[in-house]
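Q: coords please:
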Amino acid sequence: MRVLWKRLQYPSKRPMRIIALAKIAEQIDGNRIYSEKEINEIIRSNIAFGDIELVRREMYQYHFLGRLRDGSEYWAEADWKDAYAEYLSAD
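A: Model (predicted):
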């Protein structure tokens, strides 16, 4: 049985926040486009606290996700693993 990683609290320190966002980003298929509702469901299934909008905004700000300006479509940024390799290697 696979245990999903879940945070009870959003990390306050940037390195831990990057790791938390990367764990969520790993659940996003890089070959498809998602609706906001679908992205929210992925986030919801990976966090135990309720601020889905905060996590979604930070995933965009830290370039884990790309999106259309109106927020109607989201996708995984192709190079996020390279950009955060130093954080992921410590995992």
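Q: what's the neighbour count on the residue lying closest to Gly30 once chain neighbours are set aside?
A: Leaving aside its sequence neighbours, Gly30 sits nearest to Ala76 (C-beta to C-beta, 6 or more residues apart in numbering; 4.3 Å). In short, each C-beta sits where N, CA and C put it, glycine included. For Ala76, the neighbour count with other C-beta atoms under 10 Å is 22.
Q: Strands of the chain, start to end?
A: For the chain, the strands defined by DSSP state E cover 65-67, 74-76.
Q: next one: the last one to chain centre, how far?
A: With C-alpha atoms, centre = their mean, to the nearest Å as the basis, the distance from the averaged C-alpha position of strand 74-76 to the chain average is 10 Å.
Q: Same question for the first one.
A: In terms of C-alpha atoms, centre = their mean, the gap separating the centre of strand 65-67 from the centre of its chain is 10 Å.
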